[in-house]
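Peer 1: pasting the sequence and the predicted model now:
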Amino acid sequence: MDDQNKNLVLTTVLSFLVILGWFVAGPKLFPQWFPDPAAVEIAADQPLAAPEAAAVLAAPVTSTEPLPEAPRLTIDTPMLTGSISLLGGRLDDLSLKTFKDTLEPDSANVRLLSPVGQTTPYYAVFGWAPGAGLTADDVPGAKSEWKLASGSTLSVGQPVSLKWENAKGMTFVRNISVDENFMFTVSDRVENNGSAAASLYNYGIIARHGLPSLQNIYVVHEGLVRRTDGSLEEIKYKKVAGLPQVDAESAQAEVKQASTDGWIGFTDHYWMTTLIPEQGKPYTSVVKYVAGADIYQAEVREPLVTLAPGESTETSTQLFAGAKVWQTIGEYENDPGVVAQLFGAKIDPARPQIKGFIDSIDWGWFYFLTKPIFQILHLLHALIGNMGLAIIGLTFFLKLLVLPLAYKSYVSMARMKELQPEIEALKERVGEDKQKLQKEMMQLYKEKKVNPAAGCLPIFIQIPIFFSLYKVIFVTLELRQAPFFGWLKDLSAPDTSSLFNLFGALPWDAPVHGTLLATIFIGALPILLGISMWLQQKLNPAPADPVQQQIFAWMPWVFMFMLGGFASGLVVYWITNNTITFTQQYLIMRSHGHKPDIFGNIKSGFKKKPAVAKK
């Protein structure tokens, strides 16, 4: 193997090691850049202060048995439709009006919450847990039936009020309101009109029966997400199910105390349910798994209060139940971000801030790139009105951003081409003395002011940008079912066209994505990607070394099939990026007096190579 082959292999290995090292060693070297998605502090073996110690044991465990019929209140807003059961006052029936399961015209709305008794029960329930002076029958819990005090349909600007009384003279009132998007506000008030003091605390629970159907995409977190006093956690379902057992009923839990801010809930690929207690006040958050019933729970518990006769208390909890729309979640956080503010976004001083709520979207390890990239993409989409064109516009923006460094790199590559005759002459002169060859080559590079490693810089710059854009396209809801042109109806999904039916010309369906046939019979976009990479190669003659020739000859077509199953939005980016890179390199080479012989290089690739005579 000659030096050129060794250098090629070494560069490939080093590039792989750099990427691997970034993911493996990065979280240890730069923990502030790499929030650990699996970092779960196991606190169940620590002594818990009241009401937490009792709460783990005494908080209501939801049942898997179908509940008795109870009156329901209708939910009807511009974004949501569903109902609230007066049994427990639970929100267990909720669909998203503006989001469909598929692109089919008759597709049903996305169903977010479902009651017990259906296939995948998923709901939120609020109540009170007893302390000193009270029993479970003295407080409204998950199975207590509330009475309607006022209102009939929950809608924007039209709250409903529920009422429940016990035999000890205590009155419980619950007011539920909803905004124009996905945020419910549940306010609970209790008045002690009895003759004895009573202790109790308020709670909110999101319960999910069984493991949901997961996308299982490694770049998308699906499971529990929690923020506690500025610390963000992403906990997968299998880790929740692996928490330490804390009681005899097989409940497994992990408890954390918060003093200022936070929230907790479950996140899917595009949807989320999250409990947000009153910010700026202490509370307890609990992650729980009830193994016997196979129920995952996210809980918020307020501090224990003691009410003397004649006293009252009130608490309020918000419930986000809906789609992870970036702009909407940013408005709830009341911090639109630097890039958005540059384009005119404002902070509303009247809106309470939910700190870190935008991080409920899984931005990944490269969040410092992913966040601004998505904000720019979102703003371009708002200006252009087409997400595919916005991706193309974003590609131009990113290429312009790194143009100075790319220009230096391409100039260095052009100079390396100019030095090739001198390097070949140098090799002939020094013969087999490799040490002398390396020394004189370095001296030549120094004299001509050429950096042989500069050609790698655009690749290393593009790696984190590519990963960040990959994350944006897979994770953010705004690309879900976003159309481009023609047959491209969903930029978050692979290209639906296929060679199998000649891109729709033949009267049979294309293979289903994920099958072997779909991998072989790729669509139009991956083919365009392969062609763009191949044309970019033809700016320069093929390497003289046969091994390098084979590697470069196969690379575009290998990538074509590798990226064939990727989101079409990502392939649009890659085609645009290749086209811009081709143009940049061509113009820079022309500016240095070297006109690329593209057609000549293409023809030489099809010429039959002369047979090598055997010695």
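Peer 2: Received, thanks.
Peer 1: name the single longest helix found in the chain.
Peer 2: Across the chain, the longest stretch assigned as helix under DSSP state H is helix 403-430.
Peer 1: in that helix, what counts as buried?
Peer 2: Under the neighbour-count criterion of 16 or more other Cβ atoms under 10 Å, helix 403-430 has 406, 409-416, 419, 426, 430 buried. The way it works is simple: take the backbone N, C-alpha and C, and place the C-beta from them, glycine included.
Peer 1: repeat for stretch 431-440
Peer 2: Result for stretch 431-440 [16+ other Cβ under 10 Å]: buried residues 437, 440.
Peer 1: distance between the ends of stretch 492-502?
Peer 2: 23 Å (Cα to Cα, to the nearest Å).
Peer 1: and it, what's buried?
Peer 2: Buried residues in stretch 492-502 (16+ other Cβ under 10 Å): 492-500.
Peer 1: which of these fall within strands?
Peer 2: Counting by DSSP state E, those place none of their members in strands.
Peer 1: the closest residue to Asp76 other than its chain neighbours and Leu162: what is the separation?
Peer 2: Of all residues not flanking Asp76 in the chain, Ser155 sits nearest, at 5.1 Å (Cβ to Cβ, 6 or more residues apart in numbering). Note on Ser155: its distance to Leu162, by Cβ to Cβ, to the nearest Å, is 16 Å.
Peer 1: neighbour-wise, which of these two wins?
Peer 2: Of the pair Ser155 and Leu162, Leu162 is the one with more neighbours under other Cβ atoms under 10 Å, namely 23 against 18.
Peer 1: doesn't Arg174 make contact with that one?
Peer 2: Yes: the pair Leu162 and Arg174 qualifies as a contact (Cβ atoms under 8 Å) at a distance of 4.3 Å.
Peer 1: shared neighbours, the two?
Peer 2: Here Leu162 and Arg174 have 89, 146 as joint contacts, going by Cβ atoms under 8 Å, 6 or more residues apart in numbering.
Peer 1: may I have stretch 118-137 as CSV, with CA atoms only?
Peer 2: Extracted in CSV, the C-alpha atoms of stretch 118-137 (Å, rounded to 0.1, in the frame of the first residue of the first chain):
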residue,chain,number,x,y,z
GLN,A,118,-60.0,1.4,25.8
THR,A,119,-57.0,0.0,24.2
THR,A,120,-54.4,2.5,25.4
PRO,A,121,-55.7,4.4,28.5
TYR,A,122,-53.9,7.7,28.9
TYR,A,123,-55.3,10.5,31.1
ALA,A,124,-54.7,13.2,33.7
VAL,A,125,-56.4,13.2,37.1
PHE,A,126,-56.2,15.7,39.9
GLY,A,127,-57.2,15.4,43.6
TRP,A,128,-56.3,15.7,47.2
ALA,A,129,-54.5,13.2,49.5
PRO,A,130,-55.4,13.0,53.2
GLY,A,131,-53.0,13.9,56.1
ALA,A,132,-53.7,14.1,59.8
GLY,A,133,-57.4,14.3,60.7
LEU,A,134,-58.7,12.9,57.4
THR,A,135,-59.1,9.6,55.6
ALA,A,136,-59.2,8.7,51.9
ASP,A,137,-63.0,9.0,52.0
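Peer 1: switch to numbering from 56
Peer 2: Happy to do that; since the first residue is 56 now, the last one works out to stretch 173-192.
Peer 1: so how far is that stretch from its chain's centroid?
Peer 2: Its chain's C-alpha centre and that of stretch 173-192 lie 32 Å apart, by Cα atoms, centre = their mean, to the nearest Å.
Peer 1: what pLDDT, on average, does it get?
Peer 2: The average pLDDT within stretch 173-192 is 92.
Peer 1: can you give me phi and psi for Thr129?
Peer 2: phi -80, psi 140 (degrees, to the nearest 10).
Peer 1: what sits closest to it if chain neighbours are left out?
Peer 2: Thr208 (4.6 Å).
Peer 1: for Val380, same thing?
Peer 2: Nearest residue to Val380, sequence neighbours excluded (Cβ to Cβ, 6+ apart): Leu532, at 5.8 Å.
Peer 1: who's in contact with the host helix or strand of Leu455?
Peer 2: Using DSSP states H and E, the element containing Leu455 is helix 442-456. Residues lying outside helix 442-456 but in contact with it, judged by Cβ under 8 Å, 6+ apart, are 428, 431-432, 435-436, 439, 461, 520, 524, 528, 533-534, 537-540, 543, 546, 624, 627-628, 631-632, 635-636, 639.
Peer 1: show the buried residues in those residues.
Peer 2: Taking 16+ other Cβ under 10 Å as the criterion, what is buried in the contacts of helix 442-456 is 428, 431-432, 435-436, 461, 520, 524, 528, 533-534, 537, 539, 543, 546, 624, 627-628, 631-632, 635-636, 639.
Peer 1: just the ones of these in helices?
Peer 2: Of the buried ones among the contacts of helix 442-456, the ones assigned to helices by DSSP H are 428, 431-432, 435-436, 461, 520, 524, 528, 624, 627-628, 631-632, 635-636, 639.
Peer 1: would you list every one of the strands in the stretch 156-305 of the chain?
Peer 2: Under the criterion DSSP state E, counting those that start in this stretch, the stretch 156-305 of the chain contains strands at 164-168, 177-185, 202-205, 208-209, 215-220, 225-233, 238-247, 253-264, 278-283, 286-291.
Peer 1: nearest to Trp563, out of the ones you listed?
Peer 2: Comparison of these against Trp563 by Cβ to Cβ identifies strand 164-168 as nearest, at 30.6 Å.
Peer 1: which strands or helices does the closest one pack on?
Peer 2: On a contact count with 3 or more Cβ pairs under 8 Å, 6 or more residues apart in numbering; DSSP states H and E, strand 164-168 meets strand 145-155, strand 177-185, strand 326-332, strand 367-378.
Peer 1: run through who's touching that strand.
Peer 2: With Cβ under 8 Å, 6+ apart, strand 164-168 has contacts from 136-137, 146-152, 154-156, 177-179, 326, 328, 376-378.
Peer 1: okay, the angle between that strand and strand 367-378?
Peer 2: 150 degrees (axes from the mean of the first three to the mean of the last three Cα atoms, to 10 degrees).
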